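> Here is the input, now give the coordinates:
(chains A and B)
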Amino acid sequence: MRKKKVSRSWVPSLLMAVGVFVVIWLLKTIGLLSMRWYLILQMAAITTISALGLNLIYGFNGQFSLGHIGFYAIGAYASALITKDLSAKWSGTQVGGLSWIMAGQLGVLATLILANKLKMGPRLKALRKRIGGELAPYESGTITALAGILMLVVVLAAGVVVAVVTHWVFFALFSGLVSILPKAVEQPIIFFVALLNGGTLAALVSYLVGLPLLRLGSDYFGIATLGFAIMVYTALQSGDLVIPTMKGARGMVGIPHWTNWGWAFGALVLSLFVIRNLVYSSYGRAFLSVREDEVAARAMGVDVAQMKTMAFTFGGFFAGVAGGLYAHWSGFLHPSSFNMIRGFDPLIMIVFGGLGSMTGTLVGSMTIVIGLELLRNVLPSGFEDWRFVIYAILLLMIMLLRQQGLLGTNEWGWLKAPLPPERDIPVPTQAAVEGEEGA
Amino acid sequence: MRQSSKMLLRIIAWLTLAALGVGILIGLVGLVRVQGLTYFLQALVDGLRLGFVYALIALGYTLVYGIVRLINFAHGDVFMVGAFTSFYAITQYGWGFVPAILLAMIVCTLLNVVIERVAYKPLRSAPRIAALITAIGVSFFLEYFTALKWVFGADYYTYKQPFEVQVWNIGGVLISNITVIIIAVTLFLLFSLQYIISRTKMGRAMRACSFDKPAARLMGINVDGIISATFAVGAALAGAGGVLYAIAFPQIWTFMGVMPGLKAFIAAVLGGIGSVPGAFVGSLLMGEIDVLVVSFLPMGSRLRDLFAFFVLIIVFLVKPTGIFGEPQVEKV
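Here you go, the predicted model:
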């Protein structure tokens, strides 16, 4: 039997993406698209990336997170620190910020890997068990805590060493790059690295946050992550105490305006590509099984804790990348852009579009961002304040009348699930099935 | 294990614990001595005042969570509506304190019952998160709708106290009659609530519903009615809390309910959500933590929210059931 084509064609979807990109670009070039709408479209793409990350966490993995804006903020500030360094040299040199941020991440990673390799958790548990029988519980607890702190100090020291050493490596590498390359080449490279760093830093933080918090149940996890977002917001307000150029509650200025339609749309397409392939991989199926029923997933051999952490980390990564794009879109960062009320935005978008649907997120966030701006034009003067009232009513209507959102879990085009592979299993024809029922 | 090594371990453990205890003691004494004892006592009194207001909000959270397992995000905004209602009653119509607080309680009750009927009841059988998102939507709606020009307006208003403020100086610690009134009103409402829950037929029905809704329905209890009643009671307490909060901190605006609402929720979790005495004790602790952080930590006013959520996360991780909560068994 001749093998049939097993996967859906990705060509029409790609053509459509290229078409949208070119049309917007052309409209801008010939001047039909005003600067305001050009910027709004970029913002819509950026918001969609962040919402896609949350959809991975809540829509596909079922972990109700209200802290997405915190990761967005971390990505924004981290990448802004990196690119601002290039012109403003706030760290003294052009690439000091970049090499410290990268080295810091490596240091944390080294600490985590070392702690894992030394089997810190199991060892401490074993120690506690061994001395627990002989000593009173608080005594054995104290000894275990002491041992834990000692091990932690050793592991952390190793991490710091790694960070300092790699800092010099990165510093040499990037200062070399900056001095050799012409400015036109250097800028996109640094921007790309900055966005990637914003993403990885956010992912690292979400891993560290998710490790303890993901054990909590659904709504408790939501509140705890909301707490995390508020903690990030408060910390950013006092950020100038650590890094003066962050300027705390006065807002960070002087970030280069590097985000354009190409970067925003390109990042969106790339994110969709990665998330789509992740969702339809074996990991993606494990994510879904955790969402549907944790106990059943565990019974089928899915490592529930690992899957939750993984989805949460990936979601944080996309929030961080989106945050980086946002920072270079606005050129100005203020903690109040990342407060609690803004934090509900991505949630509302994915609920509106349909939980567990990438197309839904795309449609939902585009509709909401563009719709909110359209309302500015449509509403008569004096009624601008109604925008958020309408927004709230919309959310309520969706939840009460169409809980699955606009699209439910449907997907369009290449975002649909791939067809199952051909396995030469005889499929009964319609006639055969009917004949059997008749008999 | 050999006897000597056991002794050694014990000595190490005890030394560590003793060092920790002495360290905490020295820290506390140092903290008190930095600003003087009066300052410390003043902070405790202020914390008590804040804690009693939190208690009124936290009770609403805990009651509603106990019965429908819903974190009612809009509760903080109901609290805000209570403050605004009494504001208009007092400044525009010259009402006294008691009628104003009663009016605020009635308005909040009606509002919350309507919210429950419109927004939460259709989602009774939906997953818990769906109702939580709806609650966020209701909260948004109340905040932005009341911020419209012809409702309350988006400005800050200064709240006029409905009675003469008196301040007594007791050994350097200032206690105003506001504190006394807040404590008296809260205790009165708390005991009334305790009476309703433990002595009346409705209270018994509430407890039955929180224990097992299907069984309660089989016993002939009108479960929907009881849920509405729970929302009503919670809102009445929040309305009173709104008035008292505005009297103690006389600046109101339509987003004023967000942070006190969240803090009160944290207090309810700290005490053990679903438990009435737990909410009360948790609120007192939360109020003290809030005021002590502001008074004693450098940049405390910036750090207070960070600290509150830090407490929440610690409680979640160490003892999710709180101080008075009973462990919940997740059913498969």
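> residue ranges with poor pLDDT in the chain?
Picked chain A for this. In the predicted model of chain A, residues A:1-8, A:382, A:384, A:420-439 satisfy pLDDT under 70.
> wrong one, I was asking about chain B
B:1, B:326-332.
> Report the buried residues of stretch A:385-403.
A:385-396, A:398-400, A:403 (16 or more other C-beta atoms under 10 Å in any protein chain shown). Bear in mind the C-beta positions are built from the backbone N, C-alpha and C, glycine included.
> The spatially closest residue to B:Leu297 that is not a sequence neighbour: what's it in contact with?
Nearest residue to B:Leu297, sequence neighbours excluded (C-beta to C-beta, 6 or more residues apart in numbering or on different chains): B:Leu303, at 5.7 Å. By C-beta atoms under 8 Å, 6 or more residues apart in numbering or on different chains, the contact set of B:Leu303 is A:234, A:238, B:293, B:297.
> redo that, cut-off 10 Å
Applying C-beta atoms under 10 Å, 6 or more residues apart in numbering or on different chains, we find B:Leu303 in contact with A:231, A:234-235, A:237-238, B:293-294, B:297, B:310.
> buried stuff in stretch B:55-71?
Buried-residue list, stretch B:55-71, by 16+ other C-beta under 10 Å: B:55-68, B:70-71.
> and what of stretch B:208-217?
For stretch B:208-217, by 16+ other C-beta under 10 Å, it's B:208-210, B:213, B:216.
> same deal with stretch A:217-234?
A:219-234.
> Give me the secondary structure label for the residue of chain B found nearest chain A.
Using C-beta to the nearest C-beta, B:Phe309 is the residue of chain B that sits closest to chain A, at 3.3 Å. State at B:Phe309, reduced to three classes by DSSP: H, G, I helix; E, B strand; the rest coil: helix.
> Assign the residue nearest to it when sequence neighbours are not counted to one of the three secondary structure states.
Using C-beta to C-beta, 6+ apart and skipping the chain neighbours, the partner closest in space to B:Phe309 is A:Gly227 (3.3 Å). Following three-state DSSP, the label given to A:Gly227 is helix.
> dump the residue contacts of the closest residue to A:Val279 other than its chain neighbours.
Nearest in space to A:Val279, with sequence neighbours left out and distances taken as C-beta to C-beta, 6+ apart, is A:Phe60 at 5.9 Å. By C-beta under 10 Å, 6+ apart, the contact list for A:Phe60 reads A:275, A:278-279, A:284-285, A:287-288, A:290-291, A:311, A:314-315, A:355-358, A:409.
> hmm, try it at 7 Å
A:279, A:284, A:287-288, A:291, A:311, A:356 (C-beta atoms under 7 Å, 6 or more residues apart in numbering or on different chains).
> Also A:Phe21?
By C-beta under 7 Å, 6+ apart, the residues touching A:Phe21 are A:Phe265.
> Let me see the ranges of the helices in the stretch 201-332 of chain B.
B:201-211, B:213-218, B:223-248, B:258-271, B:276-296, B:300-318 (DSSP state H, counting those that start in this stretch).
> A:Asp240: neighbour count?
When neighbours are counted by other C-beta atoms under 10 Å in any protein chain shown, A:Asp240 registers 15.
> That one contacts A:Gly251, doesn't it?
No - look at A:Asp240 against A:Gly251 with C-beta atoms under 7 Å: they stay out of range, at 10.3 Å.
> Among the contacts of A:Phe60, which one has the most neighbours?
Top of the contacts of A:Phe60 by neighbour count (other C-beta under 10 Å): A:Ala311, with 31 neighbours.
> host element of that residue?
Taking DSSP states H and E as the definition, one finds A:Ala311 inside helix A:304-330.
> Give the next helix or strand downstream of that helix.
helix A:340-343.
> How many neighbouring residues does the residue nearest to A:Trp168 when sequence neighbours are not counted have?
In space, and not counting its chain neighbours, A:Trp168 is closest to A:Ser99: 7.9 Å by C-beta to C-beta, 6+ apart. Number of residues near A:Ser99 (other C-beta under 10 Å) recorded here: 23.
> What is the three-state secondary structure of A:Ser99?
Per three-state DSSP, A:Ser99 ends up helix.
> for it, what are its contacts?
Here A:Ser99 is in contact with A:167, A:170-171, A:174 (criterion: C-beta under 7 Å, 6+ apart).
> ok, 10 Å please
A:82, A:85, A:91, A:93, A:166-175.
> Dump those residues into CSV; add neighbour count and secondary structure as well.
Output for those, formatted as CSV (neighbours: other C-beta atoms under 10 Å in any protein chain shown; DSSP: H, G, I helix; E, B strand; the rest coil):
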residue, neighbour count, secondary structure
A:Ile82, 31, helix
A:Asp85, 24, helix
A:Ser91, 18, coil
A:Thr93, 15, coil
A:Thr166, 19, helix
A:His167, 19, helix
A:Trp168, 11, helix
A:Val169, 13, helix
A:Phe170, 19, helix
A:Phe171, 18, helix
A:Ala172, 12, helix
A:Leu173, 14, helix
A:Phe174, 23, helix
A:Ser175, 16, helix
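> How about the residues of the stretch 1-150 of chain A by chain B?
A:58, A:62, A:64, A:66, A:130-131, A:133-136, A:138-146, A:149 (C-beta under 10 Å from any C-beta of the partner chain).
> Would you map the helices across the stretch 251-400 of chain A?
Using DSSP H, counting those that start in this stretch, helices in the stretch 251-400 of chain A cover A:261-279, A:282-292, A:294-299, A:304-330, A:340-343, A:345-353, A:358-378, A:386-401.
> For B:Arg128, find the nearest of these.
Closest of the helices of the stretch 251-400 of chain A to B:Arg128 is helix A:386-401, at 12.7 Å (criterion: C-beta to C-beta).
> so how far is that closest one off the chain centroid?
25 Å (C-alpha atoms, centre = their mean, to the nearest Å).
> Put the alpha carbons of it into PDB.
What follows is helix A:386-401 as a C-alpha-only set of coordinates in PDB (Å, rounded to 0.1, in the frame of the first residue of the first chain):
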ATOM      1  CA  TRP A 386     -16.500  53.400  28.900                       C
ATOM      2  CA  ARG A 387     -13.800  51.400  27.200                       C
ATOM      3  CA  PHE A 388     -13.000  49.300  30.200                       C
ATOM      4  CA  VAL A 389     -16.600  49.000  31.300                       C
ATOM      5  CA  ILE A 390     -17.300  47.500  27.900                       C
ATOM      6  CA  TYR A 391     -14.200  45.300  28.300                       C
ATOM      7  CA  ALA A 392     -15.500  44.000  31.600                       C
ATOM      8  CA  ILE A 393     -19.000  43.400  30.300                       C
ATOM      9  CA  LEU A 394     -17.500  41.500  27.400                       C
ATOM     10  CA  LEU A 395     -15.600  39.200  29.700                       C
ATOM     11  CA  LEU A 396     -18.700  38.600  31.800                       C
ATOM     12  CA  MET A 397     -20.800  37.800  28.700                       C
ATOM     13  CA  ILE A 398     -18.200  35.400  27.400                       C
ATOM     14  CA  MET A 399     -18.000  33.600  30.700                       C
ATOM     15  CA  LEU A 400     -21.800  33.400  31.100                       C
ATOM     16  CA  LEU A 401     -22.900  32.800  27.600                       C
END
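> how close does the residue in chain A that chain B sits nearest to sit to B:Phe140?
Nearest residue of chain A to chain B: A:Gly227, at 3.3 Å (C-beta to the nearest C-beta). Separation of A:Gly227 from B:Phe140 (C-beta to C-beta, to the nearest Å) stands at 19 Å.
> and what of A:Leu66?
A:Leu66 is 13 Å from B:Phe140, by C-beta to C-beta.
> That'll do, ta.
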